[in-house]
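Asks: Provided below are the primary sequence and the corresponding predicted coordinates.
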There are 2 protein chains.
Amino acid sequence: MDEIKSPSFKPLYQQVKELMVSRLTDRSWAPGSILPSEALLAAEFGVSQGTVRKALDELTSENLLRRSQGRGTFVTEHTANRSLFHFLNMVDTNNEKQIPESHLVSISSGSATESEARDLGLIESMSVIRIQRNRSLENIPVITEVIVVSSSLTPGLDNYPLPLPNTLYQLYEKDFGFSVTSAREWLTAVSANQLQAEHLDVELGTPLLRVKRIAYTYNAQPVELRISLCHTANHSYLSELT
Amino acid sequence: MDEIKSPSFKPLYQQVKELMVSRLTDRSWAPGSILPSEALLAAEFGVSQGTVRKALDELTSENLLRRSQGRGTFVTEHTANRSLFHFLNMVDTNNEKQIPESHLVSISSGSATESEARDLGLIESMSVIRIQRNRSLENIPVITEVIVVSSSLTPGLDNYPLPLPNTLYQLYEKDFGFSVTSAREWLTAVSANQLQAEHLDVELGTPLLRVKRIAYTYNAQPVELRISLCHTANHSYLSELT
DNA sequence: GAGTGGTCTAGACCACGAA
DNA sequence: TCGTGGTCTAGACCACTCT
């Protein structure tokens, strides 16, 4: 006799985890806020405390939550430190990360190019906002970059009162209600063109590290495209492999 | 009354984990071999199965072990695939990793320079072996690199019967008894010099991605230094941030 | 069917932080 | 002192692999 066994078995803790992610997505658990205790969550979801714990532990290892013994469980938010340690891999010759200083060059809106639309999951010619800025580390210009984000995600960003904060991801989270949770970067080497050379105060043709980043919010939805050109005379991009 | 509470509290599962790492280090659990079952380990270490599980889970998330339901727990070994997916971040324009083909240029021994000694934790002028090779992806020369490893770790490597295998980490593991478990890479952009240009079949001065890697074995001990120069016209270095 | 890891539970106790 | 997360246990049952 044919009996179909668990055709679509999904562990309880994963179902619980998905419920939790949906609370993060819809911001009923907002960045920075505290979650109910394990016991309360267990009662609410109708599972054991151990099962809740397993879901919480996975979300913690994905950096969506932070847990702290004696205090509670909190939704991870973008602080200067988090942006620095998770989303900026440039280090100096001592392997230390420095807080960058940003100088806005321009901010404007326009139509998404074909490749921008592809990277951001938009339809071509939809409106996007482009930010160009330069960044210094220890008072040396090191990065010149263009940031592209859909106008529908950040309405009015092109008329935002200046200066823009140093950490855009904090701005997205606080003023526009979406959180960057992960990113992918593609690195290549290029020669500085005239404009880049001026921004970085280097000779035309100087080799630069080009970093193309796509940033994602919960559930791997792309929200921002960023192309950075980095002068690597005194800094390098650190990558850890396991 | 003054009572000192847990002046150096260390969870049981961490102690178990350290014991397990020492078995990996001394190769009483060799790469590719199967571990005793959870129940046996629990009995042997005198702790509960849950505690053993927690230690095993952490080692699994650090890629030191692999677990497979119904089969058992195995010591991670270097296969072509593992080297490819964990230790080679170059992708093509479709974001796919390709198996590289290696061409040996030279292999020789000499004295460690000051910086090599620093990176490898050696004393200056100790003997090292240097391997220079070029690597192709889809028949296009993409990488030219120098690999430096202490002669004391790989005695006789400079007289090893050619050709060397494509995956050096497999060789280290099988013939020299040490395993690469993690690595750090520092990326910068440089201009191709004459020699590099010839190896990569590009013009002098072409911008190249320079990747300096230090590879570590268990317990973060450095074992290999590698400096790769990559032509990034048709490939890029992919980095995932979380 | 036997043996493995994976899930789930219930409960005890400990370390930590804040009031 | 209380509430939180962190550790540890013991046991039941399930899913998977191999023979």
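Replies: Yep, it's here. Residues are numbered from 1 along each chain as shown, chains lettered A, B, ... in the order given.
Asks: start to end distance for stretch A:137-155?
Replies: 30 Å (CA to CA, to the nearest Å).
Asks: list the buried ones in the helix-or-strand element of chain A with minimal mean pLDDT?
Replies: The least trusted helix or strand in chain A, going by mean pLDDT, DSSP states H and E, turns out to be helix A:80-87, with a mean of 89. Under the neighbour-count criterion of 16 or more other CB atoms under 10 Å in any protein chain shown, helix A:80-87 has A:82, A:83, A:86, A:87 buried. The way it works is simple: take the backbone N, C-alpha and C, and place the C-beta from them, glycine included.
Asks: which residues of chain A fall in helices?
Replies: Secondary structure of chain A, counting by DSSP state H: helices at A:12-25, A:38-45, A:49-61, A:80-87, A:114-120, A:168-175, A:194-200.
Asks: so which of those is nearest residue B:31?
Replies: Set against residue B:31 and scored by CB to CB, those come closest in helix A:49-61, at 25.4 Å.
Asks: run the angle between the closest one and helix A:38-45 for me.
Replies: Relative orientation of helix A:49-61 versus helix A:38-45 (axes from the mean of the first three to the mean of the last three CA atoms, to 10 degrees): 110 degrees.
Asks: buried ones in helix A:49-61?
Replies: Buried positions in helix A:49-61, judged by neighbour count with 16+ other CB under 10 Å: A:51, A:52, A:54, A:55, A:56, A:58, A:59.
Asks: flag every residue of chain A that's near DNA strand D.
Replies: Selection of chain A residues close to DNA strand D by CB under 7 Å from any atom of the strand yields A:5-6, A:9, A:35, A:37-40, A:50, A:53, A:56, A:67-73.
Asks: now, of the residues you listed, which are buried?
Replies: The neighbour count (16+ other CB under 10 Å) marks A:35, A:38, A:56, A:73 as buried among these.
Asks: pull the most distant pair out of those residues.
Replies: With CB to CB as the measure, no two of these lie farther apart than A:35 and A:38, at 8.9 Å.
Asks: list residues touching both of those two?
Replies: A:56, A:73 (CB atoms under 8 Å, 6 or more residues apart in numbering or on different chains).
Asks: the domain parsing of chain A - what is it?
Replies: Split into domains by automatic domain parsing, chain A comes to A:12-75, A:80-237.
Asks: quick one: closest of the ones you listed to residue B:195.
Replies: Closest to residue B:195 of these, according to CB to CB: domain A:80-237, at 16.5 Å.
Asks: and that closest one, is it in reach of chain B?
Replies: Yes - interface with chain B: domain A:80-237 contributes A:86-87, A:89, A:91, A:181-191, A:205, A:207-210, A:212-213, A:230, A:232, A:236-237 (CB under 8 Å from any CB of the partner chain).
Asks: in ChimeraX, select just the buried ones from the residues you listed.
Replies: To isolate the buried members of the residues of domain A:80-237 next to chain B in ChimeraX, using 16+ other CB under 10 Å:
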select /A:86,87,89,91,181,182,183,184,185,186,187,188,189,190,191,207,208,209,210,213,230,232,236,237
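Asks: residue A:103 and residue A:132 touch, don't they?
Replies: No - assessed by CB atoms under 8 Å, residue A:103 is found out of contact with residue A:132, at 9.9 Å.
Asks: many thanks, have a good one.
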